[in-house]
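Q: I'd like to go over a predicted model; first the sequence, then the structure.
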Amino acid sequence: MAPMKVYGWLVSPWMAKVLLCLEEAGVDYQVVPLSLSDGDHRRPEHLARNPFGQIPVLEDGDLTLYQSHAIARYILGKHKPELLGLGEGGGVEESAMVDMWLEVEPHQYEAAMKPIVWHCIVHQHVGLDRDQAVVDECVRKLKRVLEVYEARLSSAAGSGSPGPSRYIAGGGRVSLADLSHLPLMHYFAATEYAGVLDAYPRVRAWWEALRARPSVKKVMAAMPTDFGFGSGSSP
């Protein structure tokens, strides 16, 4: 069977979500690197894969998918459904919790964290000014989001466990909901605001435990925290 193909650039947080799922599932895959600076994502051959001109894109035989969460669900549904809260004792309730936190991630967590990362890291390399007012407001928003996460991770894990949950969706095991948070946190931890996490010890412990996973170490190793600008290897 031919390996799955993933089109994109390795420093993308959304690309990383897909690669984490492939690594966790032990799936044979091939990364097809595209160049952002050369506009590969706007070329006709890529627009045939994704008419919106975005990455990542997955090809599995005759199937082509875009949107990172849809790709991730497909990979895990096919190869490791327990990371979706399904199979091996999971059920509709556990799966729903994974889906809920998977939706919280872009709408709350990413919405607050991404502008901080972009203004503090990316803008200085692409000729854009840093808007400190935007950063300050997003730090305030992020603190409110992390308060919710801290409370969630302090609650019972479920599945008969009396202690707090190690994982954001509960259920006593890692899930796609956890993995999807990692790429942006990887970059946030390189900003001067990384110390914000010190006020949320369960969030920090969650992040450190996930960062120790072999799949995470492998994917993050290809993601320089300056997005490759400092080394001249930006996409």
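A: Yep, that arrived.
Q: hey, let's count contacts and neighbours off CA atoms from now on
A: Noted.
Q: how close does the residue most central in space within the chain sit to Val18?
A: By C-alpha atoms, centre = their mean, the chain has its centre lying nearest to Ser180, at 3.4 Å. Separation of Ser180 from Val18 (C-alpha to C-alpha, to the nearest Å): 9 Å.
Q: still on that earlier bit, isn't the residue nearest to the centre of the chain right up against Leu102?
A: Yes: using C-alpha atoms under 8 Å, Ser180 makes contact with Leu102 at a distance of 7.1 Å.
Q: show me where the protein dips below the pLDDT cut-off.
A: For the chain, the stretches flagged by pLDDT under 70 are 87-90, 156-163.
Q: got the buried residues for the longest helix along it?
A: Secondary structure of the chain per DSSP state H: the longest helix is helix 132-154. Judged by neighbour count (16 or more other C-alpha atoms under 10 Å), helix 132-154 contains these buried residues: 135, 138-139, 141-143, 145-146, 149-150, 152-154.
Q: now stretch 115-126
A: Neighbour counts over stretch 115-126 (16+ other C-alpha under 10 Å) mark Pro115, Ile116, Val117, Trp118, His119, Cys120, Ile121, Val122 as buried.
Q: now the second one. Nearest residue, chain neighbours left out?
A: To tie it back to what came earlier, the one meant is Ile116. Nearest non-adjacent residue to Ile116, counting by C-alpha to C-alpha, 6 or more residues apart in numbering: Val135, 5.3 Å away.
Q: for the one you found, which residues are in contact?
A: Val135 sits next to Pro115, Ile116, His119 when contact means C-alpha atoms under 8 Å, 6 or more residues apart in numbering.
Q: ditto for Gln124
A: Counting by C-alpha under 8 Å, 6+ apart, Gln124 has contacts Arg130.
Q: and what of the one 10 residues further on?
A: Going by C-alpha under 8 Å, 6+ apart, Val134 touches Pro115, Ile116.
Q: from here on, count from 487
A: With the count now opening at 487, the last piece we talked about shows up as Val620.
Q: any idea how far it lies from Thr711?
A: The gap separating Val620 from Thr711 is 21 Å, by C-alpha to C-alpha.
Q: okay, now the domains of this protein?
A: Split into domains by the TED database, the chain comes to 490-570, 578-705.
Q: I'd like the ones you listed as JSON lines, with distance to Gly716 appended.
A: As requested, the domains of the chain are exported to JSON lines (distance: least, C-alpha to C-alpha, whole Å):
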{"stretch": "domain 490-570", "distance to Gly716": "13"}
{"stretch": "domain 578-705", "distance to Gly716": "8"}
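Q: which stretch among those domains comes nearest Ser719?
A: The closest approach between Ser719 and any of these, judged by C-alpha to C-alpha, belongs to domain 490-570 at 9.8 Å.
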